[in-house]
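Asks: how does the following fold in three dimensions:
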Amino acid sequence: QVQLVESGGGLVQPGGSLRLSCVDSGRTFTAESMGWFRRAPGKEREFVAAINWSGGSEYYDDSVKGRFTIFRDNAKNTVYLQMNSLKPEDTAVYYCASSFKAEATHIKEYTYWGQGTQVTVSS
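Replies: Below is the predicted model:
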């Protein structure tokens, strides 16, 4: 069984930075692709970024490319999302998810989900 717990959300001003963390309590972390998704108020959950099991491949939505970076530490069973140059439109609940597919970027490819952490970008 995989349990995912996110942390690191909060309130930040436009242009600021936050780093989200997600700890995976399962024993198969190194076999999983990991992803970050978000759901803004009144919108559907959407893909943000993903990383393959080794960390050698990363995928980003165009809206965050160049501002967000996903990376993982397999020794700590943890995946991170470094968010820079934050904008008000980045305000959302951010979810960590895991997949046993090699290059998972679609929500339906993910099996396990965390509870989410709120990110609010506002002055």
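Asks: per-residue pLDDT of the residue nearest to the spatial centre of the chain, please?
Replies: Centroid-nearest residue in the chain: Trp36, 2.3 Å away (criterion: CA atoms, centre = their mean). Trp36 is assigned a predicted lDDT (pLDDT) of 98.
Asks: that one against Tyr95, yeah?
Replies: Yes. Counting by CB atoms under 8 Å, Tyr95 is a contact partner of Trp36 at 7.1 Å. For every residue, glycine as well, the C-beta is placed using N, CA and C.
Asks: give me the beta-bridge partners of the residue nearest to the centre of the chain?
Replies: Taking DSSP bridges as the rule, Trp36 bridges to Ala49, Cys96.
Asks: now do the contacts for it.
Replies: The neighbours of Trp36, taking CB atoms under 8 Å, 6 or more residues apart in numbering as the test, are Leu20, Cys22, Val48, Ala49, Ala50, Ile70, Val79, Leu81, Tyr94, Tyr95, Cys96, Ala97.
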